[in-house]
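**Student:** Could you work out the structure for the sequence below:
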Amino acid sequence: MIGLRGRGTGSACAEDSIVTLDIENPDFMNLDSLLTDDERQVHATVARWVDERVLPIIAECFERERFPRELVPEMAELGLFGATLHGYGCAGLNNIAYGLIMQELERGDSGLRSFGSVQNGLCMYPIYRYGSDEQKDRWLPAMARAEAIGCFGLTEPDGGSDPGTMKTHARKVGGDWVINGAKMWITNGTIADVAVVWAMTEQGVRGFLVERGTPGYTTRDIPHKFSLRASVTSELFFDDCRVPERNRLPRAEGLAAPLSCLTQARYSIVWGAIGAAQACYREALAFARQRVLFGKRLIEKQIIQQRLANMARRISTAQLLAWQLGRLKDLEKMDYTQVCLAKWNNVRMALDVAREARDMLGAGGISVECCPIRHMLNMESVITYEGTETIHQLIVGRAITDQAAF
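**Tutor:** Numbering: from 1, shown residues only. Purely as a prediction, here's the structure:
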């Protein structure tokens, strides 16, 4: 943090005013001043954990295509799972605190934030909102303690952006449901103890809890990824998979149910993308301070200052957008189209900042020892999953024009 004394002479800048700018993060709009003490404490705690436990190992995990599962119990100990839920051993935090958690996890790596997003928004949330009391009592405390891991099965091999055409189907046979089909690009699939699976029935889309070991249910990892390498990505297969009626989510009816879960996950991405961009910005700034080119440090070059300033502008804008979205969510006034706009804006921002930082680092920027290339590759996935950039543009366009152009 540095203090700058205003030197302007016009009415736009009062003389002798003191402006405090957080250059390192950056936080030019002083978002920190809008946070409560509890939100700051949550932010600081998770940031410290990421610095101490994630950053020392994550580059190697990415290089070796390994999810650092050993960190999951520590995340549970910090109260990061079911963070906004009340009861069931969950922390009951507000949505801004939760967003800050996601920001710091993605500052570590998108794979870690993806794990948190799935456990929270795509698994615990639908059980909490659509599940029976028995399902809540069984799964939510265990998932909060990371004694059970979940995954979310919606996307299929032949389609992602149009889930209404899903081919996975379930039919009632006596007191059970028999599921057939496949899901693809599923985070946590092969390590999950329970899958929240969406299938077409005669009554429309319904949600089911499919437990590991259920006959007819198998999983397989998707290897050779060049993005989200520190994350488990899987395929799910259902071959006459029989699940009891008690495993159907009783209040999940229609496509609106899984889409509401996607809204939760997209909200976490809005914040997470900021963390990835901050990590890239910090590394570019540190490099520019020490690198000498043509007799001067890079940081003294006009073009470098311009590029850093542009990064700071875009990150600060994204921070304020995320904060307002969290505020609306806490007031229960958030609309899903606002989440779409924010996810589109913030992920595009993070991808552009990562690419810019990678370029500023020169040849060294392609090394896994530097974080921008890792975040850049991860953002290529994040800009696609939970709704592609184009889908979000069309959702916002529909809200503006009242005309669907999908």
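**Student:** ok, and the closest non-adjacent residue to residue 329?
**Tutor:** Leaving aside its chain neighbours, residue 329 sits nearest to residue 95 (4.2 Å; criterion: CB to CB, 6 or more residues apart in numbering). All C-beta atoms are positioned from the backbone trio N, CA, C, and that covers glycine.
**Student:** right, I mislabeled it, should have said residue 197
**Tutor:** Per CB to CB, 6+ apart, closest to residue 197 is residue 153, 4.1 Å.
**Student:** if I look at that neighbour, how far off is residue 163?
**Tutor:** The spacing between residue 153 and residue 163, counted by CB to CB, to the nearest Å, is 11 Å.
**Student:** what residues are up against the residue nearest to the spatial centre of the chain?
**Tutor:** Residue closest to the average C-alpha location in the chain (CA atoms, centre = their mean): residue 269, at 3.3 Å. Contacts for residue 269 (CB atoms under 8 Å, 6 or more residues apart in numbering) come out as 102, 113, 117, 343, 346, 347, 382, 386.
**Student:** try 7 Å this time
**Tutor:** If a contact means CB atoms under 7 Å, 6 or more residues apart in numbering, then residue 269 has 117, 343, 347, 382, 386 as its contacts.
**Student:** Make TSV from the residues you listed and add pLDDT and neighbour count to it.
**Tutor:** Compiled in TSV, those are given as follows (pLDDT from 0 to 100; neighbours: other CB atoms under 10 Å):
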residue	pLDDT	neighbour count
117	98	26
343	98	29
347	98	30
382	98	24
386	93	27
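**Student:** So residue 234 lies in a helix, does it not?
**Tutor:** No - applying DSSP: H, G, I helix; E, B strand; the rest coil, one finds residue 234 to be strand, outside a helix.
**Student:** Next one, pLDDT for it please.
**Tutor:** Note for residue 234: predicted pLDDT of 98.
**Student:** and the gap between it and residue 150?
**Tutor:** For residue 234, the distance to residue 150 equals 13 Å [CB to CB].
**Student:** more crowded one of the two?
**Tutor:** More crowded of residue 234 and residue 150, by other CB atoms under 10 Å: residue 150, with 25 against 22.
**Student:** List the residues that contact the closest residue to residue 232 other than its chain neighbours.
**Tutor:** Excluding its sequence neighbours, the residue lying closest to residue 232 (CB to CB, 6+ apart) is residue 67, at 4.9 Å. The contact partners of residue 67, taken as CB under 7 Å, 6+ apart, are 61, 111, 230, 231, 232.
**Student:** Mind listing what's buried along the strand or helix carrying residue 303?
**Tutor:** Using DSSP states H and E, residue 303 sits within helix 302-330. For helix 302-330, burial by neighbour count (16 or more other CB atoms under 10 Å) applies to 304, 307-308, 311-312, 314-316, 318-319, 321-323, 325-326, 329.
**Student:** Ok, stretch 195-214 next?
**Tutor:** 195-201, 205-210, 214.
**Student:** Equivalent analysis for stretch 327-345, please.
**Tutor:** Residues 329, 334, 337, 338, 339, 340, 341, 342, 343, 344, 345 are the ones in stretch 327-345 that count as buried (16+ other CB under 10 Å).
**Student:** which residues of the protein score low on pLDDT?
**Tutor:** Along the chain, the model assigns pLDDT under 70 to residues 1-20.
**Student:** where along it do the strands fall?
**Tutor:** 2-5, 18-21, 150-153, 169-173, 176-187, 194-201, 204-211, 217-221, 233-244, 248-253, 292-293, 296-297 (DSSP state E).
**Student:** Please name every helix or strand in contact with the third one.
**Tutor:** The criterion is 3 or more CB pairs under 7 Å, 6 or more residues apart in numbering; DSSP states H and E, and the helices and strands that strand 150-153 contacts are strand 176-187, strand 194-201.
**Student:** how far does the top helix by length along the chain sit from the chain's center?
**Tutor:** Using DSSP state H to define each element, the chain has its longest helix at helix 256-290. Distance, stretch centre to chain centre, for helix 256-290: 7 Å (CA atoms, centre = their mean, to the nearest Å).
**Student:** And the helix holding residue 303, what does it pack against?
**Tutor:** Using 3+ CB pairs under 7 Å, 6+ apart, helix 302-330 is in contact with helix 95-108, helix 256-290, helix 336-360.
**Student:** one step back: need the contacts of residue 269 in CSV with distance to residue 296, can you?
**Tutor:** Compiled in CSV, those are given as follows (distance: CB to CB, whole Å):
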residue, distance to residue 296
117, 43
343, 40
347, 35
382, 36
386, 43
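**Student:** orientation of the longest helix of the chain relative to helix 302-330 in degrees?
**Tutor:** 150 degrees (axes from the mean of the first three to the mean of the last three CA atoms, to 10 degrees).
**Student:** relative to strand 194-201, how tilted is helix 256-290?
**Tutor:** Computed by the same axes, to 10 degrees, the angle separating helix 256-290 from strand 194-201 equals 130 degrees.
**Student:** picking up where we left off before, packed most tightly, which of the helices and strands packed on helix 302-330 would that be?
**Tutor:** helix 95-108 (a mean of 27; mean count of other CB atoms under 10 Å).
**Student:** starting at the chain centroid, how far to it?
**Tutor:** The offset between the C-alpha centroid of helix 95-108 and the centroid of the whole chain comes to 8 Å, using CA atoms, centre = their mean.
**Student:** cool, stretch 229-243 as well?
**Tutor:** Put simply, stretch 229-243 sits 20 Å off its chain's centre (CA atoms, centre = their mean).
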